[in-house]
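Novice: Predicted coordinates and the sequence they were generated for:
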Amino acid sequence: MKRVVITGLGVISSLGNNVELFWDNIKNGVCGIDYIQSYNTEDSNVKVASEVKDFKPEDFIDKKSAKRMDRFCQFAVSAAKLAYDDSGLDKELVDSDRMGVILGSGIGGIRTIESQHSVFLKKGAGRISPFYIPMAISNLAAGQIAIMLGAKNICNTVVTACASGTNAVGEAFRAIKYGNADIMLTGGSDASITPMTVAGFASMKALSTSEDPKRASIPFDVDRDGFVIGEGAGILIIEELEHAKKRNARIYAEIVGYGATCDAYHITAPAPGGEGAAKAMNLAINEAGITHREVSYINAHGTSTPYNDKFETQAIKQVFGQDAEKVAVSSTKSMTGHLLGGAGAIEAVVCSKALDNSFIPPTIGLEKADPECDLDYIAKVGRESDIKYAMSNSLGFGGHNAALLFKKWGE
């Protein structure tokens, strides 16, 4: 079995379109949530979201190619370019047959689907763009990245709703661990802040209806009323350890465990008690060969929905028992909103930076914890801490549960 390390990071998000700005804002507890600007919300009871700001695809992609990509794909390709540049990899020296791509996306090109459906209804079938299908399908973000970088190993897309990004990183980790690849680009992307998507989530009462951006995504707070939809992408370059050491790569952290389970319970609701989530966490801990007492920090799924935060808290208590109150927990969705398939990806970036910088980010907006959410949620302000192991949880509609375990880099 091979060891797997993280050597490059790239982010497009509401908190910045590079890792340095993103991490500074995460550390400082900046809220990336604001009033929706991309469409008129007059007829909607959902007024806020976590939109990417100041993003110009031509800063990363040539204009002709960018026009043939949905926004979620532009995010993914741009973040991949940032991560690849950050890693210091040289395309001339990389064995393309040993480099692959595994990404996650919850909904894919929904913006293109909505816009082209409107064209179809108003102007007829003959006016549909010939690029409609390759812009809409979820796998084209991975495909475009592979084309850009010449990655000829496995090229897959994981669609497990809000667990997609974490599952993608976990599967990429396994591809290297089992010796099938030396380098993987992995993570996730979504751009689903659209009228129809927001209306769909709103109709099932999943979204916050708060009109105060700073009180909309408030994980574990007694007043939480739903999640805030976000958009963006997180991409990681992960490598087999010896491959990274040979080229003197800068290493952020090591991936040491991955767990994935299904509740097999309900299409949207998590299983009561968080049984499936607890099993995923235990699987990740067991693969790492450590005990739960060695985990210092959990980046929780923490969506700010009544059921998720309650049951995830119960799942953590199942895994950590009497030690649950000793482990630091926070939800960075309080700052970024919920990126759906991109959530686990940017949260993997957060864990990597948290380990590298010995800093636990906060859960901003947490003013009064729900009595049933009684762990150490790092409310409002982050904390300096020399953490050795960090875990990231993602839980998706359909009962998908995924957990990744990261280790502070050291020989």
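Specialist: Ah, there it is.
Novice: can you give me the strands in the stretch 151-300 of the chain?
Specialist: Using DSSP state E, counting those that start in this stretch, the strands of the stretch 151-300 of the chain run over 155-158, 183-191, 231-240, 253-262, 297-299.
Novice: Pull the distance from the last one to the chain's centre.
Specialist: Strand 297-299 has its C-alpha centroid displaced from the chain centroid by 14 Å (Cα atoms, centre = their mean, to the nearest Å).
Novice: So which other helices or strands are in contact with that strand?
Specialist: strand 328-330, helix 343-357, strand 389-396 (3 or more Cβ pairs under 8 Å, 6 or more residues apart in numbering; DSSP states H and E). Using the backbone N, CA and C atoms, a C-beta is placed for each residue, glycine as well.
Novice: one step back: tabulate the strands of the stretch 151-300 of the chain (a markdown table), appending distance to Pro270, mean neighbour count and mean pLDDT.
Specialist: A markdown table is the format used below for the strands of the stretch 151-300 of the chain (distance: least, Cβ to Cβ, whole Å; neighbours: other Cβ atoms under 10 Å; pLDDT from 0 to 100):
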| stretch | distance to Pro270 | mean neighbour count | mean pLDDT |
| --- | --- | --- | --- |
| strand 155-158 | 19 | 21 | 98 |
| strand 183-191 | 20 | 34 | 98 |
| strand 231-240 | 23 | 31 | 98 |
| strand 253-262 | 11 | 23 | 98 |
| strand 297-299 | 16 | 28 | 98 |
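Novice: closest to Ser118 out of these?
Specialist: strand 183-191 (17.1 Å; Cβ to Cβ).
Novice: The closest one pairs with which strands, and in what direction?
Specialist: The strands beside strand 183-191 in its sheet (DSSP bridges) come out as strand 99-104 (parallel), strand 231-240 (antiparallel).
Novice: What average pLDDT does the next helix or strand after the shortest one get?
Specialist: Using DSSP states H and E, the next helix or strand after strand 99-104 towards the C-terminus is helix 110-123. Within the predicted structure, the mean pLDDT of helix 110-123 is 98.
Novice: residue boundaries of the helices in the protein?
Specialist: 19-27, 63-67, 71-87, 110-123, 132-136, 140-149, 164-177, 195-203, 241-246, 275-288, 306-320, 333-336, 343-357 (DSSP state H).
Novice: who touches the residue nearest to Lys368 when sequence neighbours are not counted in this structure?
Specialist: Leaving aside its chain neighbours, Lys368 sits nearest to Val222 (5.0 Å; criterion: Cβ to Cβ, 6 or more residues apart in numbering). Taking Cβ atoms under 8 Å, 6 or more residues apart in numbering as the criterion, Val222 is in contact with 368-371.
Novice: picking that back up, redo the strands paired with strand 183-191 as TSV? Include distance to Ser189.
Specialist: Shown next, in TSV, are those (distance: least, Cβ to Cβ, whole Å):
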stretch	distance to Ser189
strand 99-104	7
strand 231-240	4
